[in-house]
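Enquirer: take this sequence and fold it.
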Amino acid sequence: MTDTVVVIYSGGMDSFTLLHLARARGYQVHALSFNYGQRHVRELEAARAVCQAEGIPHKVIDIRAMSEVMSGSSLTSDIDIPEGHYAEDNMKSTVVPNRNMILLSLATGYAVTVGAQSVWYGAHGGDHAIYPDCRPEFVEKMDAVCRVANYEPVAIEAPFMQLDKGEILAEGLKLGLDYRQTWTCYNGREQACGRCGSCVERLEAFAAHGIRDPLDYEAEA
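Expert: Presented below is the predicted three-dimensional model:
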């Protein structure tokens, strides 16, 4: 029987690559997305389109009712989106309180429901400086908890934990992925801004490979 995984799929390039990597490795994939009130909610439109086109089971869970306990981030509250590179201190305003613990807990419940052995999410090496819930020690402890939280053990895995954005892109290019199907920008406008930390990191990844990002940008960082 084919092993089943739940992939937390935001619609961005990291989770897009992860989704297809899981399929390439022969897993039966269930994609799970969340609307938590993020201003870049259009990423969910990208996620829906990909899963519909490729016949991947996909659920979008609306948890906006939890916004009062996940507030204070520039991604969810009326705070300006910072511009520049992730190494800058102002990028800490993009941290959504306890987001990944909440999402992984819900995804673990869904994994039990669909008979999945593990939950995958796209935390990577470039996230470590800013996001505590993307660091190896967090993944290690969440994995330990989720293995004993139900009668059915569920593993928490972050296959890109030791990779940076450019290395993740390299994996996707090997798979022949079309990154026009993703949305990365923290601003949910018609075009990507090219200036927020997420855009800057993405543009740097494509530049490192000597290729042009297929998305349209208002202005390149």
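
Enquirer: give me the buried positions along the lengthiest strand in the chain.
Expert: In the chain, taking DSSP state E as the definition, the longest strand is strand 28-35. For strand 28-35, burial by neighbour count (16 or more other CB atoms under 10 Å) applies to Gln28, Val29, His30, Ala31, Leu32, Ser33, Phe34. Quick note: C-beta positions are derived from backbone N, CA and C, even for glycine.

Enquirer: mind listing what it pairs with, with the direction of each?
Expert: In the sheet, strand 28-35 lines up against strand 4-8 (parallel), strand 58-62 (parallel) (DSSP bridges).

Enquirer: which one of those is the most hemmed in?
Expert: Most buried of the strands paired with strand 28-35, by mean neighbour count (mean count of other CB atoms under 10 Å): strand 4-8, with a mean of 24.

Enquirer: helices or strands up against the next helix-or-strand element following that strand?
Expert: Sequence order places helix 13-24 as the next helix or strand after strand 4-8, per DSSP states H and E. Under the contact criterion of 3 or more CB pairs under 8 Å, 6 or more residues apart in numbering; DSSP states H and E, helix 13-24 touches strand 4-8, strand 28-35, helix 42-54, helix 165-174.

Enquirer: list the buried residues for the helix or strand containing Val112?
Expert: Assigned by DSSP H and E, Val112 falls within helix 99-114. Neighbour counts over helix 99-114 (16+ other CB under 10 Å) mark Arg99, Asn100, Ile102, Leu103, Leu104, Ser105, Leu106, Ala107, Thr108, Tyr110, Ala111, Val112 as buried.
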